[in-house]
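J.: Test case, fold it:
(chains A and B)
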Number of protein chains: 2
Amino acid sequence: MATAYEQFSAHIAQVNDLLNTLNILKWDARTQMPHGGSETRGHQLATVSLIAQEMFSSEKTARLLDAAEAEVAHEPDDSYRVRAVRQTRHYYELTRRIPLDIISEKAALSPTSENVWADAKKNNDFASFAPYLEKMLDLVRRQADAIGYAEHPFDALVYEYEPSMTAARLQTLFGQLKAGLLPLLARIVDAADKPLPRDLWQTEYPLDKQKAFGLKCAQEFGYDLNRGRLDIAPHPFEVSFTRNDVRITTRYNLNYFPMAFFGTLHETGHALYEQGIDPALTRSALTTDFLGQYAVGGTSYGAHESQSRMWENQIGRSREFWDVHFAPLQASFPEQLRDADADLFFRSVNRVRPSLIRVEADEVTYNLHIMLRVEIEMELLSGTLKVSDLPEAWNAKMQTYLGVTPPDDTHGVLQDVHWSGGGFGSFPGYTVGNVMSAQFLDAAHRDLPTLAGSLSTGDYAPLLGWLTENVYRHGRAFDANELLQRSTGSMLDAAPFLHYLEAKFTDVYDLR
Amino acid sequence: MATAYEQFSAHIAQVNDLLNTLNILKWDARTQMPHGGSETRGHQLATVSLIAQEMFSSEKTARLLDAAEAEVAHEPDDSYRVRAVRQTRHYYELTRRIPLDIISEKAALSPTSENVWADAKKNNDFASFAPYLEKMLDLVRRQADAIGYAEHPFDALVYEYEPSMTAARLQTLFGQLKAGLLPLLARIVDAADKPLPRDLWQTEYPLDKQKAFGLKCAQEFGYDLNRGRLDIAPHPFEVSFTRNDVRITTRYNLNYFPMAFFGTLHETGHALYEQGIDPALTRSALTTDFLGQYAVGGTSYGAHESQSRMWENQIGRSREFWDVHFAPLQASFPEQLRDADADLFFRSVNRVRPSLIRVEADEVTYNLHIMLRVEIEMELLSGTLKVSDLPEAWNAKMQTYLGVTPPDDTHGVLQDVHWSGGGFGSFPGYTVGNVMSAQFLDAAHRDLPTLAGSLSTGDYAPLLGWLTENVYRHGRAFDANELLQRSTGSMLDAAPFLHYLEAKFTDVYDLR
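T.: Next up, the predicted model:
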């Protein structure tokens, strides 16, 4: 006879199967599906999604949950069983709190709203998008009210992406960050007139060699191809269908080698997180994001992003990495990199420039793009900013933070898809991730005195081991703050990230 | 307010979405999935399959079906609405008649039984497989009893694959076939000593060119790559996720060009059927095989196989085809085919040889392999043949029909996977398909007097148009016999197929 917890787990495992199935349908749609298949794929996604939703919010879940709660009531607070039950309870109550009409209105509005946004972006026509943004904003405000919040409607929305975060905590964090980033950026801009001796991206890098080199580095980091694969996608992503099948994608530019290469390392970071989850958590509540309807193993968008950014930037764009990897890269591209050296390459992939577009931004300016968006989201939600005043507010903040003003809305407020689909609350994850990544890396160095030596010889196993032990294996058992406290002893703190940037760009730009 | 039929259709459309989702999970598992993903993919398949089963056999289906039946009661008998309702009723009653314990016992036994079979085949050890075959046979006998039958338990089982077929009808068909095939084969064997002047498969055909040539011919036949794609699979297959996404696979041999090429044409035939279904039937009961839990558009395995065999053999292996296509093939492989000509190539891909292995058999001997299996299935089911006597019975029939005796069970009774998974009743489809293909092609020539001219110039649009109009577009609206009667005016009849073989191999082997 199965115990109450086992019956609960078996039910959640089936929900997990459906969420993973949704992920497979999406991966296929983005990487393999012939063009003609999109309409009926939409129906397949809608049906599986609806069934997963009904299955999770059913009376059966409530009954199994009650029994499992009683059974684990006296177990240790940090046991996976207690955490699985608690997390399920939490999301169960939360999803039942959101009225179905909000969900269906949002689902119905999203495709049109996204299409209108795409046209508006193409035609630099914010006015045509504004009414859809108004409607979407109304829906997410109603969603926030239904979920409930103590201080700010943003708190209710950010929960889906970053459960341990609130508007107030973010504002504190942003204050710290701006105090460090703005002066650093000013010093770099002063020094950045010095052109590099040579532009490495004027020549062609054959795609098959780009792919081979990227995949080789991903494997060096620890990406297991027996449980993964690399494909092409116009908007790269990582997706997992349990820890046993974790796939990444990238996109190639024949000249601009960094696009595919650092894209691959970025998605590899996400993939290492997913592949590193404790096998015992497979198909469990601790590898499932019920609210977002994705099977995401990591505990939050920020925690996940901390891993993609760490492996891409703190490892992949480090001087140590290129001291080891420039020679093999040069062997792959002897003509293209003739007379270049590790130092030139390192500087070439670490240029800082205030720019208009978030997805092209460097490590220093990236978080300014994010903070601008999050601050605007908060004002839109609280009603202190009107949709009609949005382009003006955007441009003003761009000038304040980055010293540039978009020439049009296409390169300004219309550049990102997120708001058109109602994704309010997702942006903070990027910056929270950057901040966390530096905290984790500092803690790893503290715990492993030989880590710097390993990294300087291209041995990534010790770092992967530390991250697996302290972060990856736990899945969603602990929230981002708990993870930080357990492994670093601190709460979220901008200082390590600011120190990291200061040190790195002092080197890149010979500041001081 | 939706009508009763619309509500019924919306429900069936969701079942269809789930069955198509299963197909996607399977396609991915066979063509893309990294090795490590297989265990959790199994869980995903089981969960989606269970939900589809529950959804179809639910009270909701019964209620919607009752109302839809009342609504279409006075519509014409051949209307798609009437057929959709009737087919659903039929499968609904049928699936509810099969006890769940039979289904779950079969599902539980299959993986082990298939593994034991694979080992037994490898080790030429029939005795180790025999007890599993006994168990499986017991289960399918219970399944047949639950479904019910008038004359022979085989009738209940063949229904899943070939709804218009029974043991008695098959025996009549087989009598006709053997009367024509056995003498023809004897004449060919007498003439077949004459070796071909040159063996074309001693040289290498680069895989990328093999693929390009196969895909070009598939497109000439009418395969729409906007709704399809070609991948590699060790056991090639076609699979569809609605008519808008119909994928094929093949496998390559560097020397033996015919393997991938005719494999591609074979799967293209299946794909043309799926792509040719009336768009109005998308996601309907008439594109869904509820019993087999696959979303199959064609009306039966035989009807489907008639199309793969027609495009592969009657078109792709015809003299007319190579009169047109040898020159472009030679242009792709100038070294390999130097000094060869269309006649040599045509003869090379049409060699007839009694052999041990079904999947390697030619057009003449193939159906003898099938009939042997079907006759043995019938005897096993009726109890006139014991499992322990199976190898002996197999070898005796091989000697009678093909004049060869397997040296061991690996090359004899253990060669096919079908029985280990309980797939009794599926073999007749191959032969029914061959027979139907000749009837359809004759009828097309009768209706289109210029068809021979079109085919001799490589214009396949008229044939595709006739097949789409008379076969493909109807999906599962008419059973195989109805399709034949509506388009050819006859019931299933072996004569056209025998005439076709007689004429073709008289040419190939200069008989007479």
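J.: List the contacts of the residue of the stretch 201-350 of chain A found nearest chain B.
T.: Closest contact between the stretch 201-350 of chain A and chain B, by Cβ to the nearest Cβ, is at A:Asp245 (3.2 Å). Just so you know, the C-beta spots here come from the backbone N, C-alpha and C atoms, and that holds for glycine as well. By Cβ atoms under 8 Å, 6 or more residues apart in numbering or on different chains, the residues touching A:Asp245 are A:Arg227, A:Gly228, B:Met33, B:Pro34, B:Gly36, B:Gly37, B:Thr40, B:Arg41.
J.: Out of the residues you listed, list just those in strands.
T.: Members of the contacts of A:Asp245 lying in strands (criterion: DSSP state E): A:Gly228.
J.: What is the nearest of the contacts of A:Asp245 to A:Met310?
T.: Closest to A:Met310 out of the contacts of A:Asp245 is A:Gly228 (18.4 Å), distances taken as Cβ to Cβ.
J.: Give me the pLDDT for the closest one.
T.: The confidence metric pLDDT takes the value 98 at A:Gly228.
J.: ok, now how distant is A:Glu502 from A:Glu75?
T.: In this view, A:Glu502 and A:Glu75 are 45 Å apart by Cβ to Cβ, to the nearest Å.
J.: Single out the residue in the stretch 1-150 of chain A that lies closest to chain B.
T.: Ranked by Cβ to the nearest Cβ, the top residue of the stretch 1-150 of chain A for proximity to chain B is A:Gly37, at 3.2 Å.
J.: Quick check: that residue touching B:Phe241?
T.: Yes. Here A:Gly37 lies in contact with B:Phe241, judged by Cβ atoms under 8 Å, at a distance of 6.6 Å.
J.: returning to that earlier point: how many neighbours does the residue of the stretch 1-150 of chain A closest to chain B have?
T.: Using other Cβ atoms under 10 Å in any protein chain shown, A:Gly37 has 26 other residues around it.
J.: what's around A:Leu356, how many residues?
T.: Residue neighbour count, defined by other Cβ under 10 Å, stands at 18 for A:Leu356.
J.: what's it in contact with, if anything?
T.: Taking Cβ under 8 Å, 6+ apart, we find A:Leu356 in contact with A:Met398, A:Val404, A:Pro406, A:His411, A:Gly412, A:Gln415.
J.: And the third one, how far from A:Pro391?
T.: The spacing between A:Pro406 and A:Pro391, counted by Cβ to Cβ, is 9 Å.
J.: Give me the three-state assignment for the residue positioned nearest the centre of chain A.
T.: Nearest residue to the geometric centre of chain A (Cα atoms, centre = their mean): A:Glu305, 3.8 Å. At A:Glu305 the chain is in helix, as set by DSSP: H, G, I helix; E, B strand; the rest coil.
J.: Report the spatially nearest residue to it, omitting neighbours in sequence.
T.: Take A:Glu305 and drop its neighbours on the chain: the residue closest to it by Cβ to Cβ, 6 or more residues apart in numbering or on different chains is A:Gly433, 2.7 Å away.
J.: so who does the one you found touch?
T.: By Cβ under 8 Å, 6+ apart, the contact set of A:Gly433 is A:Tyr301, A:Gly302, A:Ala303, A:His304, A:Glu305, A:Ser306, A:Gln307, A:Ser308, A:Arg309.
J.: can the longest helix along chain A be found next to chain B?
T.: Assignment by DSSP state H gives helix A:4-31 as the longest helix of chain A. Yes. Helix A:4-31 reaches chain B (Cβ under 8 Å from any Cβ of the partner chain) through A:Ala13, A:Gln14, A:Asp17, A:Leu18, A:Asn20, A:Thr21, A:Ile24, A:Leu25, A:Asp28.
J.: Just put those residues in TSV and tack on pLDDT.
T.: TSV is the format used below for the residues of helix A:4-31 next to chain B (pLDDT from 0 to 100):
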residue	pLDDT
A:Ala13	97
A:Gln14	97
A:Asp17	96
A:Leu18	96
A:Asn20	96
A:Thr21	97
A:Ile24	96
A:Leu25	95
A:Asp28	96
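J.: packing partners for the worst-scoring helix or strand of chain A on mean pLDDT?
T.: The helix or strand of chain A with the poorest confidence is helix A:100-123; it has a mean of 91 (mean pLDDT, DSSP states H and E). With contacts taken as 3 or more Cβ pairs under 8 Å, 6 or more residues apart in numbering or on different chains; DSSP states H and E, helix A:100-123 sits against helix A:126-147.
J.: what's the helix or strand for A:His235?
T.: Assigned by DSSP states H and E, A:His235 falls within no helix or strand.
J.: okay, now the domains of chain A?
T.: Residue ranges for the domains of chain A, per automatic domain parsing: A:4-97, A:167-508.
J.: Could you tell me the end-to-end distance of the first one?
T.: Translated: domain A:4-97. Across domain A:4-97, the terminal residues are separated by 25 Å (Cα to Cα, to the nearest Å).
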